[in-house]
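J.: Got a predicted structure plus its sequence, pasted below:
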Amino acid sequence: MDPPLFPAPFPGIPLASSVSVDSAPPSHKTSRPEITSRPHLLIPHREKKRVTNHLKDHFSYVPEWKYERIIGEGSGSIAYLIKSKHRSLGRHRRVVIKRGTSELGDEELRIEMAWLELVRGAEHICTMLACRDDKEIPQTSAIQTGLTFVKRIFAKQGNLRRRVRKVLRRSTLDDELQLRELAPWPVIVLEYMPHGDLKRMVERAKRYNIAVPNRLLWSIFLCLVRACIGMAYHQALPEGSQTRTETIPAGQNQHSLVHGSMNLSNIMIGNPFARFGEHTLGPVAKLIDLGMAATATDGQGVRYNLWDVSAIMMTLVTLDITWGVSPRTTYRGIQTNATPILGDAGKTRYPLVDDDLRDLLARCLAQNPLHRPGLRDMLAELELRITKSAENFPFNLRPGEEDVAVSRFISRCIYDADVLPDPEPRPDIESPFIVPGPPPPTILEFASDYESDPEPEHTITGRPGSFREAAERLRVRRKGKRRMSGSPIAAPEPVDERPRRRPGPRH
């Protein structure tokens, strides 16, 4: 039977969220025992505040880690940034801890925990460093038992069993973070990627009015396709293993895992890795948030994921999330949804897009799934396009594809994403397509101009209308002088306060 026809993508809602799926992963138990000791609060903002205070209280006595801040917040969970107290190789290590704020959020964390264990080892999917899902509250906990502050300090320092265990065997991240104390709620520890997500990059590119370079688009496209390979072919490496580049293995069954919430906010940007030749210029992009992941019952999970990936690439090309409302168009005999970048109007509106990228997106967003390239074909084409250098692009696109131009875009729109942009949109003054004007004067030039101006004579120190000027005027008025010696301030005219006689009638 032919696979069903996919509807046109709607902005903000991934296509995979509307398909029939089985939300329970193979190792996930849907039946959860009743825990009546510590339920979640019904009011969301109070529960979020309670969970945050509980985590702060927990890390107040953890000797090697400390709480830093909230970095993400969803409908049913919160992501916290945790920082190590000791430096390693000159810098502090940071990890992300996710905690649920509702029963539904806890269930999503358990689903995400099970899927991340299966895809562990994939380079382009966020790595789960540790997890815990204890059902019972520990009886020896320094927080849960309600000890006083003084007793908690002595309990932390006098735990002989913990010190002996730390000396005899190597401590894991689970032991260092003391995740056992966070029961009975599930908790996930993820790697931290400090350079934000694709949504932030798109917002800064729109504000600076610059297009994403084609070489960076090819790199992100390949990262997302490799993430789809990681969801289709599970590696399931043990905890602490080094990540590997996702490839299509021979003779392994393909899984029909659907991400379910693939959007710009769920794709994080990491650092470029020298050991992977694909990321020598651009950083790696990783997929996060598998809380809504599920298995497609029709076996078309890979097609759904590739459709969502193509929709994200269209957003990066157009810098507009509403591109999906455009009507379909005919491209080389096929009906496709990539209307904004096709035809004469598309080439005029987006003249800096590579023609090979236009052709691939038009085929990936075809209405008929039989006209779309498969996972193996897309991987082969992207591995070929990622090797393109600036000399392989047309003459009009070559200046924006140089290594210096791509590095400048990455620095401004990715690595410097925490800097607040200008209040008004302005073009990139360093763009090769804009002739730069004279540079603005520096602070040293301002200082030299200020020192070169001669100081006027007979001036009064202080701002206009200050207390000194008012006292000067009052003193001049009291002495009744016309002008004070050495001061440019003139005294006011004396006022005759004698009563005037009313003139009488003339005789």
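T.: Cool, the structure landed. Predicted, not measured: the structure shown is a model, and the values here were computed from it.

J.: longest strand anywhere in the protein?
T.: For the chain, the strand with the greatest residue count under DSSP state E is strand 77-88.

J.: helices or strands up against the next helix or strand after it?
T.: As assigned by DSSP states H and E, the chain's next helix or strand after strand 77-88 is strand 91-100. The contact analysis (3 or more C-beta pairs under 8 Å, 6 or more residues apart in numbering; DSSP states H and E) places strand 91-100 against helix 44-59, strand 65-73, strand 77-88, helix 103-118, helix 173-177, strand 187-191. Any C-beta I mention is one placed from the backbone N, CA and C, and that applies to glycine too.

J.: now strand 91-100 and helix 103-118, what's the angle there?
T.: With axes from the mean of the first three to the mean of the last three C-alpha atoms, to 10 degrees applied, the angle from strand 91-100 to helix 103-118 works out at 130 degrees.

J.: tell me the angle strand 91-100 makes with strand 65-73.
T.: 60 degrees.

J.: Distance of residue 71 relative to residue 334?
T.: Residue 71 sits 42 Å away from residue 334, going by C-beta to C-beta, to the nearest Å.

J.: Check residue 234 too.
T.: In terms of C-beta to C-beta, residue 234 sits 33 Å off from residue 334.

J.: Quick check: buried residues in stretch 76-89?
T.: 76-82 (16 or more other C-beta atoms under 10 Å).

J.: So what touches that stretch?
T.: For stretch 76-89, the external contacting residues (C-beta atoms under 8 Å, 6 or more residues apart in numbering) are 48, 51-52, 55, 59, 63-73, 92-102, 104-106, 108-109, 177, 190, 192, 291.

J.: When you filter those down to buried only, what's left?
T.: 48, 51-52, 55, 59, 64-65, 67, 93-102, 105-106, 108-109, 177, 190, 192, 291.

J.: thinking again about what came up before, between the helices and strands packed on strand 91-100, which has the poorest average model confidence?
T.: Note on the helices and strands packed on strand 91-100: helix 173-177 shows the lowest mean pLDDT, a mean of 88.

J.: Name the helix or strand of the chain that has the lowest mean pLDDT.
T.: Every helix and strand in the chain was compared by mean pLDDT, DSSP states H and E; the lowest is helix 443-452, with a mean of 42.

J.: How about the contacts made by the closest residue to residue 113 other than its chain neighbours?
T.: Excluding its sequence neighbours, the residue lying closest to residue 113 (C-beta to C-beta, 6 or more residues apart in numbering) is residue 131, at 4.9 Å. Residue 131 makes contact with 113, 116-117, 179, 186-189, according to C-beta under 8 Å, 6+ apart.

J.: Can I get those residues in CSV including distance to residue 404 and neighbour count?
T.: Shown next, in CSV, are these (distance: C-beta to C-beta, whole Å; neighbours: other C-beta atoms under 10 Å):
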residue, distance to residue 404, neighbour count
113, 43, 22
116, 38, 23
117, 42, 18
179, 45, 22
186, 47, 25
187, 44, 25
188, 40, 25
189, 38, 20
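
J.: Identify, from the residues you listed, the entry nearest to residue 250.
T.: residue 117 (24.1 Å; C-beta to C-beta).

J.: looking at it, that closest one is touching residue 236, isn't it?
T.: Yes: using C-beta atoms under 8 Å, residue 117 makes contact with residue 236 at a distance of 6.9 Å.

J.: who touches stretch 46-53?
T.: With C-beta under 8 Å, 6+ apart as the test, stretch 46-53 has contacts from 40-41, 70, 73, 78, 80, 99, 101-102.

J.: One more: stretch 329-338?
T.: 8-9, 314, 324, 326, 328, 339, 342-343, 358, 361-368, 371.
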